[in-house]
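Trainee: Sharing a sequence plus its predicted fold:
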Amino acid sequence: MGFFDKLKEGLKKTKNVITERIDQVLVSFGKIDEELFEELEEVLITSDVGAETSLRIIEDIKKKVKDNKVTDPLKVKGLLKEELSEILSKESTELNIKTTPSVIVVVGVNGVGKTTSIGKIANQLKQSGKKVVMAAGDTFRAAAIDQLEIWADRVGVDLIKHAEGADPAAVIYDAVQSVKARKADVLICDTAGRLHTKKNLMDELKKVFRIIERELPNASMEVLLVLDATTGQNAIVQAKTFAEVSPVSGIVLTKLDGTAKGGIVIAVSSELKIPVKLIGVGEQMDDLQRFNSEEFVEALFS
C-alpha cells in the first residue's frame with residue numbers, strides 16, 4: 001500500500017465526520033442560503049477545524065459563491081476543497097536541512113509520539129543518504145533515553161546519551177562535537193517533554209538553543225513540534241505554549257489514522273501559521289511522511 005492509500009485509509013474516521021456530513025448538508029438544500037452556510041460551519045467546527053478557522057473558511061466560500069454566481073449547492077463542495085488546499089499550501093513543507101551539518105530540534109509533550117517520530121525521521125534521512133546522529137536530550141525520563149536507543153539501533157545511526165538526570169545542554173554539546181568529528185550531515189535532538197513549569201521548560205530549551213547557535217552558528221536549524229492528532233483542539237493549546245518558548249518552524253502531526261479529528265490539520269495551519277511538515281498514519285517505519293496538502297484534501301474528499 002502506497003502512502004496515499006494509507007492516508008486515505010487513515011483519514012476514514014475524519015472523512016466520516018467531515019465529508020459525509022458535508023455531502024448530507026449539500027444534498028438536503030435546494031438552494032444556497034445563509035442556513036446552508038451555518039450548517040457547513042457547524043460541521044467544520046465539530047470536526048476540530050476550530051471556530052475561528054471555520055468562520056474564515058465559510059466567509060471566503062460565501063465570497064466565491066457570490067463572485068462566481070454559483071447557485072447549485074453541490075458546487076459548494078468544490079469551492080470548499082479549493083479553500084482547504086489554499087489554507088494548507090501557504091507554507092513550504094520541506095525540512096530546512098540545507099547545510100552540513102544541519103540540526104533538527106524536536107519538541108513536544110510526553111506521549112505524543114516524539115521519540116517514535118525522531119526514529120522515523122532519522123530513518124528517512126538515512127535512506128536518502130544522510131549521515132545522522134541522534135541526541136538523547138530528554139534526560140528527565142529514563143524511558144525516553146531507552147526508547148531512543150532502541151530506535152538508533154533499528155535505524156543504524158549513532159546516539160549520544162548521558163545518564164538519566166544529566167544536564168540536557170551537556171548532552172547536546174557532546175552531540176554537536178560528535179557531529180563535527182564524524183562529519184555527519186544531520187543532528188536530531190530530543191528535548192524534555194514536560195518540566196514543572198513553563199519557566200523550567202523555557203530555561204532548558206533556551207540553553208539547548210544557545211549551545212547549538214554557539215557551536216554551529218551557520219547551521220540550518222529546524223524546530224519540529226510533535227502533536228498528537230487524537231487530542232484535537234488541545235493540540236492547538238500545546239502548540240501555542242511551545243511556540244512561546246521555542247522558535248517552532250514546523251509541525252509533525254502523529255496518529256492521524258486513529259482519530260476522527262483530522263480537521264486539526266487545517267486548524268493548526270490556519271491559526272498558528274506554522275506549516276504541518278510531516279504526518280503519521282501508522283506504526284510502520286515509513287508511515288511518517290512529508291505533508292502534501294493536495295494529497296491530504298484529495299484523500300479527505302475522494
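Mentor: Received, thanks. Numbers count the residues shown, from 1 in each chain.

Trainee: State the pLDDT value of Q24.
Mentor: Here the pLDDT value assigned to Q24 is 93.

Trainee: Am I right that it is in a helix?
Mentor: Yes - judged by DSSP: H, G, I helix; E, B strand; the rest coil, Q24 forms part of a helix.

Trainee: That one: neighbouring residues, count only.
Mentor: Neighbour count for Q24, taken as other CB atoms under 10 Å: 11. C-beta coordinates here come from the backbone N, C-alpha and C atoms, glycine included.

Trainee: for the one 4 residues further on, same thing?
Mentor: Residue neighbour count, defined by other CB under 10 Å, stands at 10 for S28.

Trainee: any idea how far it lies from L55?
Mentor: 22 Å (CB to CB, to the nearest Å).

Trainee: Rounded mean pLDDT for stretch 95-102, please.
Mentor: 96.

Trainee: Can you pull out the residues in contact with it?
Mentor: 104, 125, 130, 179-180, 183-187, 216, 218-222, 249-250, 277, 290 (CB atoms under 8 Å, 6 or more residues apart in numbering).

Trainee: How about the contacts made by the residue nearest the centre of the chain?
Mentor: In the chain, the centroid-proximal residue (CA atoms, centre = their mean) is V252; its distance is 2.3 Å. Shown in contact with V252 (CB under 8 Å, 6+ apart): 106, 108, 117, 121, 224-227, 277-280, 288.

Trainee: rerun that using 7 Å as the cut-off
Mentor: 117, 224, 226, 277-278 (CB atoms under 7 Å, 6 or more residues apart in numbering).

Trainee: mind listing the strands for the stretch 151-300 of the chain?
Mentor: For the stretch 151-300 of the chain, strands defined by DSSP state E, counting those that start in this stretch occupy the ranges 158-160, 186-190, 221-228, 250-254, 276-280, 288-290.

Trainee: ok, what's across the strand from the residue lying closest to V248 once chain neighbours are set aside?
Mentor: Once flanking residues are discounted, V248 sits nearest to L225: 4.6 Å by CB to CB, 6 or more residues apart in numbering. L225 has these beta-bridge partners by DSSP bridges: V107, I251.

Trainee: now L225: how far from A239?
Mentor: Separation of L225 from A239 (CB to CB): 6 Å.

Trainee: And the buried ones among the contacts of V252, selectable in PyMOL?
Mentor: Buried residues among those (16 or more other CB atoms under 10 Å), as a PyMOL selection:
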select buried, resi 117+224+226+277+278
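
Trainee: Cool, thanks, talk later.
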